[in-house]
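S.K.: Turn this into a structure:
(chains A and B)
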Amino acid sequence: EADIYQTPRYLVIGTGKKITLECSQTMGHDKMYWYQQDPGMELHLIHYSYGVNSTEKGDLSSESTVSRIRTEHFPLTLESARPSHTSQYLCASNGGPNQPQHFGDGTRLSIL
Amino acid sequence: RKEVEQDPGPFNVPEGATVAFNCTYSNSASQSFFWYRQDCRKEPKLLMSVYSSGNEDGRFTAQLNRASQYISLLIRDSKLSDSATYLCVVNGRRGSGNTGKLIFGQGTTLQVKP
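M.R.: From the prediction side, this is the model:
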(Lines give C-alpha, C1' and ligand atoms only; values in the text may rest on other atoms or scores of the structure.)
Protein backbone atom coordinates (compact mmCIF):
# COMPACT_ATOMS: atom_id res chain seq x y z
CA GLU A 1 0.00 0.00 0.00
CA ALA A 2 1.17 3.54 -0.81
CA ASP A 3 1.96 5.79 2.12
CA ILE A 4 -0.08 8.90 1.42
CA TYR A 5 -2.41 10.30 4.02
CA GLN A 6 -5.19 12.84 3.99
CA THR A 7 -6.94 14.47 6.91
CA PRO A 8 -9.68 14.97 7.73
CA ARG A 9 -11.61 12.15 6.02
CA TYR A 10 -14.87 14.03 6.42
CA LEU A 11 -15.54 17.70 7.15
CA VAL A 12 -18.89 19.42 7.51
CA ILE A 13 -18.54 23.13 8.14
CA GLY A 14 -20.37 26.40 7.73
CA THR A 15 -20.03 28.97 4.98
CA GLY A 16 -17.26 31.54 5.32
CA LYS A 17 -14.86 29.40 7.34
CA LYS A 18 -11.20 28.98 6.43
CA ILE A 19 -10.35 25.34 5.73
CA THR A 20 -7.08 23.51 5.27
CA LEU A 21 -7.03 19.98 3.91
CA GLU A 22 -3.87 18.10 4.78
CA CYS A 23 -1.95 15.70 2.57
CA SER A 24 1.30 13.98 3.48
CA GLN A 25 3.34 11.25 1.84
CA THR A 26 6.32 9.33 3.16
CA MET A 27 7.62 8.02 -0.16
CA GLY A 28 9.87 10.98 -0.92
CA HIS A 29 7.91 11.74 -4.09
CA ASP A 30 8.65 15.08 -5.71
CA LYS A 31 5.34 15.24 -7.59
CA MET A 32 2.07 15.78 -5.78
CA TYR A 33 -1.44 16.53 -7.03
CA TRP A 34 -4.86 17.64 -5.83
CA TYR A 35 -8.00 16.49 -7.62
CA GLN A 36 -11.64 17.39 -7.12
CA GLN A 37 -14.34 14.84 -7.82
CA ASP A 38 -18.10 15.06 -7.44
CA PRO A 39 -20.09 11.82 -6.93
CA GLY A 40 -20.32 9.80 -10.13
CA MET A 41 -18.27 12.33 -12.04
CA GLU A 42 -14.74 12.38 -13.41
CA LEU A 43 -11.58 13.52 -11.65
CA HIS A 44 -10.50 17.11 -12.21
CA LEU A 45 -6.92 18.22 -11.51
CA ILE A 46 -6.95 21.50 -9.56
CA HIS A 47 -3.34 21.85 -8.37
CA TYR A 48 -0.01 20.14 -8.74
CA SER A 49 3.56 20.50 -7.56
CA TYR A 50 6.80 19.16 -8.97
CA GLY A 51 8.84 19.87 -5.87
CA VAL A 52 9.43 22.20 -2.94
CA ASN A 53 8.35 25.78 -3.66
CA SER A 54 6.78 24.71 -6.97
CA THR A 55 3.00 24.89 -7.41
CA GLU A 56 0.85 25.11 -10.53
CA LYS A 57 -2.85 25.40 -11.22
CA GLY A 58 -4.48 22.40 -12.81
CA ASP A 59 -7.01 22.00 -15.57
CA LEU A 60 -10.04 23.00 -13.50
CA SER A 61 -10.15 26.50 -12.04
CA SER A 62 -10.38 26.43 -8.26
CA GLU A 63 -10.62 29.09 -5.58
CA SER A 64 -8.37 27.00 -3.38
CA THR A 65 -4.63 27.56 -2.92
CA VAL A 66 -1.78 25.19 -2.14
CA SER A 67 1.72 25.37 -0.74
CA ARG A 68 4.74 23.08 -0.86
CA ILE A 69 7.24 24.03 1.80
CA ARG A 70 8.33 20.45 2.49
CA THR A 71 8.58 17.53 0.11
CA GLU A 72 6.22 15.36 2.09
CA HIS A 73 3.49 17.91 2.73
CA PHE A 74 1.03 19.51 0.25
CA PRO A 75 -1.85 21.24 2.04
CA LEU A 76 -4.83 22.79 0.26
CA THR A 77 -6.55 25.87 1.67
CA LEU A 78 -9.92 27.48 1.10
CA GLU A 79 -9.92 30.98 2.60
CA SER A 80 -13.70 31.29 2.73
CA ALA A 81 -15.69 28.14 2.14
CA ARG A 82 -18.91 28.23 0.11
CA PRO A 83 -21.51 25.55 -0.64
CA SER A 84 -20.14 25.32 -4.20
CA HIS A 85 -16.91 23.92 -2.68
CA THR A 86 -18.76 20.81 -1.50
CA SER A 87 -17.00 17.87 -3.14
CA GLN A 88 -14.44 15.13 -2.60
CA TYR A 89 -10.81 16.24 -2.66
CA LEU A 90 -8.19 13.61 -3.52
CA CYS A 91 -4.45 13.99 -3.08
CA ALA A 92 -1.96 11.92 -5.07
CA SER A 93 1.78 11.62 -5.60
CA ASN A 94 4.23 9.89 -7.89
CA GLY A 95 7.95 9.62 -8.34
CA GLY A 96 8.09 10.75 -11.96
CA PRO A 97 5.97 11.69 -15.00
CA ASN A 98 5.89 8.09 -16.26
CA GLN A 99 5.07 6.57 -12.88
CA PRO A 100 1.56 5.75 -11.65
CA GLN A 101 0.04 8.06 -9.09
CA HIS A 102 -0.88 6.82 -5.64
CA PHE A 103 -3.92 8.36 -4.00
CA GLY A 104 -4.86 9.17 -0.45
CA ASP A 105 -8.25 8.16 0.93
CA GLY A 106 -9.69 11.58 0.10
CA THR A 107 -11.47 14.28 2.10
CA ARG A 108 -15.19 14.54 1.70
CA LEU A 109 -16.03 18.21 2.23
CA SER A 110 -19.53 19.51 2.81
CA ILE A 111 -20.15 23.25 3.20
CA LEU A 112 -23.49 24.18 4.72
CA ARG B 1 -11.86 16.50 -28.09
CA LYS B 2 -10.78 15.05 -24.75
CA GLU B 3 -7.21 13.77 -24.45
CA VAL B 4 -8.44 10.43 -23.10
CA GLU B 5 -11.86 9.07 -24.05
CA GLN B 6 -13.76 6.14 -22.66
CA ASP B 7 -17.26 4.80 -23.10
CA PRO B 8 -18.87 5.70 -19.74
CA GLY B 9 -21.20 2.68 -19.84
CA PRO B 10 -22.62 1.36 -17.64
CA PHE B 11 -21.73 -2.15 -18.70
CA ASN B 12 -24.14 -4.58 -17.04
CA VAL B 13 -22.91 -8.16 -17.31
CA PRO B 14 -23.71 -11.47 -15.60
CA GLU B 15 -21.21 -13.20 -13.37
CA GLY B 16 -18.72 -15.24 -15.36
CA ALA B 17 -18.94 -13.04 -18.44
CA THR B 18 -15.97 -11.65 -20.30
CA VAL B 19 -16.04 -7.90 -20.72
CA ALA B 20 -13.74 -5.56 -22.65
CA PHE B 21 -13.22 -1.83 -22.26
CA ASN B 22 -11.55 0.39 -24.81
CA CYS B 23 -9.96 3.77 -24.39
CA THR B 24 -8.54 6.15 -26.99
CA TYR B 25 -5.93 8.84 -26.43
CA SER B 26 -4.96 11.83 -28.56
CA ASN B 27 -1.28 12.38 -27.76
CA SER B 28 0.83 10.14 -29.97
CA ALA B 29 3.88 10.98 -27.83
CA SER B 30 2.39 9.43 -24.66
CA GLN B 31 4.66 6.86 -23.12
CA SER B 32 2.91 5.58 -20.01
CA PHE B 33 -0.46 3.91 -19.76
CA PHE B 34 -2.39 2.58 -16.80
CA TRP B 35 -5.74 1.19 -15.77
CA TYR B 36 -7.12 2.26 -12.40
CA ARG B 37 -10.12 0.96 -10.54
CA GLN B 38 -12.36 3.23 -8.47
CA ASP B 39 -15.05 1.92 -6.16
CA CYS B 40 -18.01 4.09 -5.27
CA ARG B 41 -16.98 6.97 -3.00
CA LYS B 42 -13.40 5.66 -2.76
CA GLU B 43 -10.07 6.77 -4.17
CA PRO B 44 -8.74 5.41 -7.50
CA LYS B 45 -6.36 2.49 -7.12
CA LEU B 46 -3.83 1.27 -9.64
CA LEU B 47 -5.08 -1.91 -11.30
CA MET B 48 -2.25 -2.45 -13.75
CA SER B 49 0.25 -0.73 -15.98
CA VAL B 50 -0.08 -1.30 -19.72
CA TYR B 51 3.00 -2.39 -21.63
CA SER B 52 3.61 -2.31 -25.37
CA SER B 53 3.69 -6.08 -25.62
CA GLY B 54 0.46 -6.46 -23.65
CA ASN B 55 0.33 -7.86 -20.16
CA GLU B 56 -1.81 -10.09 -18.03
CA ASP B 57 -2.54 -10.23 -14.32
CA GLY B 58 -4.81 -13.13 -13.43
CA ARG B 59 -8.20 -12.52 -15.04
CA PHE B 60 -7.15 -9.11 -16.35
CA THR B 61 -5.41 -8.48 -19.67
CA ALA B 62 -4.29 -5.07 -20.88
CA GLN B 63 -3.25 -4.26 -24.43
CA LEU B 64 -1.84 -1.20 -26.15
CA ASN B 65 -2.18 -0.33 -29.82
CA ARG B 66 0.10 2.64 -30.48
CA ALA B 67 -0.74 2.88 -34.17
CA SER B 68 -4.43 3.35 -33.44
CA GLN B 69 -3.83 5.07 -30.10
CA TYR B 70 -6.05 2.89 -28.01
CA ILE B 71 -5.76 0.81 -24.89
CA SER B 72 -7.95 -2.06 -23.87
CA LEU B 73 -8.75 -3.94 -20.69
CA LEU B 74 -10.22 -7.42 -20.79
CA ILE B 75 -11.77 -9.00 -17.71
CA ARG B 76 -12.47 -12.72 -17.88
CA ASP B 77 -14.81 -14.67 -15.61
CA SER B 78 -16.32 -11.54 -14.07
CA LYS B 79 -16.96 -11.55 -10.33
CA LEU B 80 -19.46 -9.50 -8.37
CA SER B 81 -16.47 -7.81 -6.74
CA ASP B 82 -15.30 -6.51 -10.12
CA SER B 83 -18.18 -3.99 -10.07
CA ALA B 84 -16.48 -0.60 -10.10
CA THR B 85 -15.48 2.23 -12.40
CA TYR B 86 -12.38 1.59 -14.52
CA LEU B 87 -10.25 4.58 -15.40
CA CYS B 88 -7.93 4.73 -18.38
CA VAL B 89 -4.84 6.87 -17.65
CA VAL B 90 -2.24 8.24 -20.04
CA ASN B 91 0.65 10.61 -19.46
CA GLY B 92 0.02 14.01 -21.03
CA ARG B 93 1.78 16.36 -23.37
CA ARG B 94 5.28 17.59 -22.84
CA GLY B 95 6.59 21.01 -23.76
CA SER B 96 5.67 24.53 -22.68
CA GLY B 97 6.82 23.67 -19.19
CA ASN B 98 4.47 20.71 -18.87
CA THR B 99 6.45 17.74 -17.67
CA GLY B 100 3.82 15.16 -18.45
CA LYS B 101 0.92 14.98 -16.02
CA LEU B 102 -1.22 11.88 -15.99
CA ILE B 103 -4.51 12.36 -17.78
CA PHE B 104 -7.47 10.40 -16.42
CA GLY B 105 -10.37 9.31 -18.60
CA GLN B 106 -13.89 9.80 -17.31
CA GLY B 107 -14.14 6.12 -16.45
CA THR B 108 -16.25 3.16 -17.56
CA THR B 109 -18.70 1.75 -15.04
CA LEU B 110 -19.03 -2.02 -14.75
CA GLN B 111 -21.87 -3.67 -12.89
CA VAL B 112 -21.62 -7.45 -12.53
CA LYS B 113 -24.96 -9.08 -11.70
CA PRO B 114 -25.49 -12.49 -10.07
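S.K.: OK, now which residue of chain A is nearest to chain B?
M.R.: Minimum separation of chain A from chain B (Cβ to the nearest Cβ) falls at residue A:97, amounting to 3.4 Å. All C-beta spots, glycine's among them, are computed from the backbone N, C-alpha and C.
S.K.: Hmm, that residue is touching residue A:31, no?
M.R.: Yes: counting by Cβ atoms under 8 Å, residue A:97 does reach residue A:31; the two are 7.4 Å apart.
S.K.: which of those two has more neighbours?
M.R.: Per other Cβ atoms under 10 Å in any protein chain shown, whichever of residue A:97 and residue A:31 has more neighbours is residue A:31, with 22 against 17.
S.K.: Any idea what that one is bridged to?
M.R.: Using DSSP bridges, the bridge partners assigned to residue A:31 are residue A:94.
S.K.: Please name the nearest non-neighbouring residue to the residue most central in space within chain A.
M.R.: By Cα atoms, centre = their mean, the mean C-alpha position of chain A lies nearest to residue A:34, the distance being 3.3 Å. Nearest residue to residue A:34, sequence neighbours excluded (Cβ to Cβ, 6 or more residues apart in numbering or on different chains): residue A:47, at 4.3 Å.
S.K.: neighbouring contacts of stretch A:48-55?
M.R.: Taking contacts as Cβ atoms under 8 Å, 6 or more residues apart in numbering or on different chains, the residues outside stretch A:48-55 that touch it are A:30-34, A:47, A:56, A:58, A:66-71, A:74, B:99, B:101.
S.K.: show me where chain A has strands.
M.R.: Using DSSP state E, the strands found in chain A span residues A:4-7, A:10-13, A:19-25, A:31-37, A:44-51, A:54-57, A:65-66, A:76-78, A:87-94, A:102-103, A:107-111.
S.K.: Show me what from chain A comes close to chain B.
M.R.: Chain A comes close to chain B at residues A:33, A:39, A:41-43, A:45, A:48, A:50, A:88, A:90, A:94, A:97-106, A:108, as judged by Cβ under 8 Å from any Cβ of the partner chain.
S.K.: By neighbour count, sort out the buried ones in the residues you listed.
M.R.: Buried members of those, counted by 16 or more other Cβ atoms under 10 Å in any protein chain shown: A:33, A:42-43, A:45, A:48, A:88, A:90, A:94, A:97, A:99-104, A:106, A:108.
S.K.: Low-confidence regions, chain B specifically.
M.R.: B:93-100 (pLDDT under 70).
S.K.: Ok, chain A next?
M.R.: Within chain A, the segments meeting pLDDT under 70 span A:1-2.
S.K.: can you tell me which residues contact residue 32?
M.R.: Assuming you mean chain A. Applying Cβ under 8 Å, 6+ apart to residue A:32 gives the contacts A:23, A:25, A:48, A:49, A:68, A:74, A:91, A:92, A:93.
S.K.: My question was about chain B, not that one.
M.R.: Neighbour list for residue B:32: A:97, A:98, A:99, A:100, B:49, B:90, B:91, B:102 [criterion: Cβ under 8 Å, 6+ apart].
S.K.: Cool, thanks, talk later.
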